[in-house]
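[1] Take this sequence and fold it.
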Amino acid sequence: MSVVVVTGASSGIGRALALRAARAGYDVVAIGRNAAALAALAERAGREGGRIVTAAHDIADPANARAIVELARRTFGRIDVLVNNAGQVAVGPLSAQSDEALRAQFGTHAIGPIALVREALPLLRESRGHVFLVGSGVARVPVGGLGAYPPSKAATRSAASLLRRELKPLGIAVTYVDPGVVDTAFMTRAGMPGAPARLLVTPEEVARKILLAIPTRPRVLNAVPWQTAFVALAELFPRVTDFVLERNPALVGANDAATPRAIESAPDDGAPAEAPQAPAHDAAPVSPASEPDAFETAIEPVRRRMERVKLREQFVRDLLHEGESLDPNEVALRWAGMPNKNERAATIEVLDALADARFLAREGANYRVLRGPD
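    I've put the predicted structure just below:
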């Protein structure tokens, strides 16, 4: 059976891909920083008949690469597909980034993934495997306010090109993924407004396209081709692009980056946000983020989805009365009035997330509340 290693698997694209790959019959090694979310992911896959092993590692530290590869080798004996998907951003002007923030972002998007490919090379060579590196449109058209995220994603894109040429003689494919503007909590967790809803693509859709690309082994995978075309056009006309983004950064979900502000680190794997330990003199220090409670951790993978459909967190908390039975259709009626298909689907996703975290137990099409939110 083929083995897929996915980083950044606690939430977003990584979580969606790990579940989809497990359902498709792959053995999966899921890596992220949020141990609780990873445990829920493995449990859900197990209930659905899949197999996911997990480990909490920060890919920004290249020393963890060997441990990740050893976990795959020890558990499954091989690696066929390696998906470098982890990401994080330190909000603020690039010129105000601390050394720690710079190291974290380049470590997550360039140094860590390259180290992981290096350590996995013997197993990938045996399987004539496939490496994916997930990039971003900002690798080509940088957006202000995202700190070192754009230049570090540019490093991801460059690394993909170099690794493709280097590993081709070994029979190893390398695919660079431009995921488009993805509907995750990445931007909002970093304190940014996020892109307009009409531009967003779901993590599940990006995951579906990555999975379909495993047998075809393309050089580049554009998950949302029209968005990639728009980025290419913006790259061709940098003065026009600068003019537009300086006056309307909300078009790409960013804040006005002209004024230095406190730098906050927001991992893309559902882990608690962390403030860099050594802020630059231009940036005000930020207190470390408080540890989220179990309920907040449970809904983190679906938080952005809740925001899009306007499903309030307090409403979900109020559902959790021990012993009660929840009918998804009735729940949707209570918060949406006349729920459409999208609102009903969001309701089920939220209830599933709570079941994964053992707040609920599935009873056929319904759910039984096991415990309250506190």
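[2] And the helices in the stretch 251-374 of the chain?
    294-299, 303-309, 313-319, 328-336, 341-356 (DSSP state H, counting those that start in this stretch).
[3] what does the stretch 51-200 of the chain give?
    Under DSSP H, counting those that start in this stretch, the stretch 51-200 of the chain gives helices at 64-76, 99-106, 112-127, 149-167, 186-189.
[4] Which one of these lies nearest to residue 359?
    helix 186-189 (21.3 Å; C-beta to C-beta). For glycine as for every other residue, the C-beta is placed from the backbone atoms N, C-alpha and C.
[5] low-confidence ranges in this protein?
    Low-confidence segments of the chain (pLDDT under 70): 183-199, 225-238, 240-292.
[6] which residue lies farthest from the center of it?
    residue 323 (33.7 Å; C-alpha atoms, centre = their mean).
[7] Surely that one is in contact with residue 369?
    Yes. With contact defined as C-beta atoms under 8 Å, residue 323 counts as touching residue 369 (6.3 Å).
[8] circling back to that earlier point, of the helices of the stretch 251-374 of the chain, which is nearest residue 4?
    Nearest of the helices of the stretch 251-374 of the chain to residue 4, taken as C-beta to C-beta: helix 341-356 at 20.1 Å.
[9] buried set for the closest one?
    343, 344, 346, 347, 349, 350, 351, 352, 353, 354, 355, 356 (16 or more other C-beta atoms under 10 Å).
[10] orientation of it relative to helix 328-336 in degrees?
    Here helix 341-356 points in a direction 110 degrees away from that of helix 328-336 (axes from the mean of the first three to the mean of the last three C-alpha atoms, to 10 degrees).
[11] helices or strands next to helix 341-356 in the packing?
    helix 35-47, helix 294-299, helix 303-309, helix 328-336, strand 360-363, strand 366-369 (3 or more C-beta pairs under 8 Å, 6 or more residues apart in numbering; DSSP states H and E).
[12] redo that, cut-off 6 Å
    On a contact count with 3 or more C-beta pairs under 6 Å, 6 or more residues apart in numbering; DSSP states H and E, helix 341-356 meets helix 294-299, helix 303-309, helix 328-336.
[13] Show me what the second one is packed against.
    Yep, that's helix 303-309 we're talking about. On a contact count with 3+ C-beta pairs under 6 Å, 6+ apart, helix 303-309 meets helix 341-356.
[14] JSON lines for the buried residues of helix 341-356, including distance to residue 304?
    Converted to JSON lines, the buried residues of helix 341-356 look like this (distance: C-beta to C-beta, whole Å):
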{"residue": "343", "distance to residue 304": "15"}
{"residue": "344", "distance to residue 304": "18"}
{"residue": "346", "distance to residue 304": "11"}
{"residue": "347", "distance to residue 304": "15"}
{"residue": "349", "distance to residue 304": "11"}
{"residue": "350", "distance to residue 304": "12"}
{"residue": "351", "distance to residue 304": "17"}
{"residue": "352", "distance to residue 304": "15"}
{"residue": "353", "distance to residue 304": "12"}
{"residue": "354", "distance to residue 304": "16"}
{"residue": "355", "distance to residue 304": "19"}
{"residue": "356", "distance to residue 304": "17"}
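[15] which residues does the closest residue in space to residue 76 that isn't next to it in sequence form a beta bridge with?
    In space, and not counting its chain neighbours, residue 76 is closest to residue 3: 4.5 Å by C-beta to C-beta, 6 or more residues apart in numbering. Beta-bridge partners recorded for residue 3 (DSSP bridges): residue 27.
[16] Give the full set of residues in contact with residue 3.
    By C-beta atoms under 6 Å, 6 or more residues apart in numbering, residue 3 lies in contact with 27, 76, 78, 79, 80.
[17] Check residue 113 too.
    Residue 113 neighbours (C-beta under 6 Å, 6+ apart): residue 84.
[18] how close does the residue nearest to residue 170 when sequence neighbours are not counted get to residue 364?
    Leaving out its chain neighbours, the residue that sits closest to residue 170 by C-beta to C-beta, 6+ apart is residue 125, at 5.2 Å. Residue 125 sits at a distance of 48 Å from residue 364 (criterion: C-beta to C-beta, to the nearest Å).
[19] before we move on, what about residue 31?
    Residue 31 is 34 Å from residue 364, by C-beta to C-beta.
[20] who's more crowded, these two?
    For residue 31 and residue 364, the more surrounded residue by other C-beta atoms under 10 Å is residue 31, and the numbers stand at 31 against 5.
[21] Please verify my assumption that that one contacts residue 54.
    No. Residue 31 sits out of contact with residue 54 when judged by C-beta atoms under 6 Å, with a separation of 7.3 Å.
[22] And this structure, split by domain according to the record?
    3-267, 294-369 (automatic domain parsing).
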